[in-house]
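A.B. asks: The sequence isn't on hand, but the structure is:
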């Protein structure tokens with residue numbers, strides 16, 4: 001597993017919150033970063049992904065986030081996505097107040113509940 005750092009970037013371009021994540025490679029890490037952008041899409045933020053000093057291309061765009069990417073990331077890595085949503089929710093930043101983030105975290109928890117109780 002490779003180690004990456006994801007940053008939430010505010011509308012003025014300032015890095016506001018770092019999050020360390022593990023992924024099998026750039027594609028998986030990019031998928032998680034784009035899913036994070038989707039879950040906070042009700043706020044004017046972007047996400048950047050870094051592998052050490054190398055910026056991973058394809059994450060800093062401010063285009064419309066995709067629900068498909070969210071679903072793919074949650075299906076492929078449900079536990080990692082739940083940890084990410086909980087960390088964002090507890091970050092103490094403006095992103096923590098995102099309504100979509102709360103809704104997505106609740107949805108992830110409900111998906112996980114049957115798995116955790118099995």
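C.D. replies: Looks like it came in fine. Just so it is clear, the model here is predicted, and its values are computed rather than measured.

A.B. asks: Grab the most central residue of this structure for me.
C.D. replies: Among the residues of the chain, the one closest to the centroid is residue 36, at 2.3 Å (Cα atoms, centre = their mean).

A.B. asks: Does it lie in a helix or a strand, and which?
C.D. replies: Using DSSP states H and E, the element containing residue 36 is helix 26-39.

A.B. asks: strand partners of the following helix or strand past that helix, parallel vs antiparallel please.
C.D. replies: For helix 26-39, the succeeding helix or strand toward the C-terminus, using DSSP H and E, is strand 46-51. Next to strand 46-51 in the sheet, as set by DSSP bridges, lie strand 2-9 (antiparallel), strand 54-55 (antiparallel).

A.B. asks: Can you point out the buried residues in strand 46-51?
C.D. replies: Across strand 46-51, burial judged by 16 or more other Cβ atoms under 10 Å covers 46-50. Bear in mind the C-beta positions are built from the backbone N, C-alpha and C, glycine included.

A.B. asks: What is the nearest of those residues to residue 90?
C.D. replies: Residue 90 lies nearest to residue 47 out of these, by Cβ to Cβ, at 17.3 Å.

A.B. asks: No further questions, thank you.
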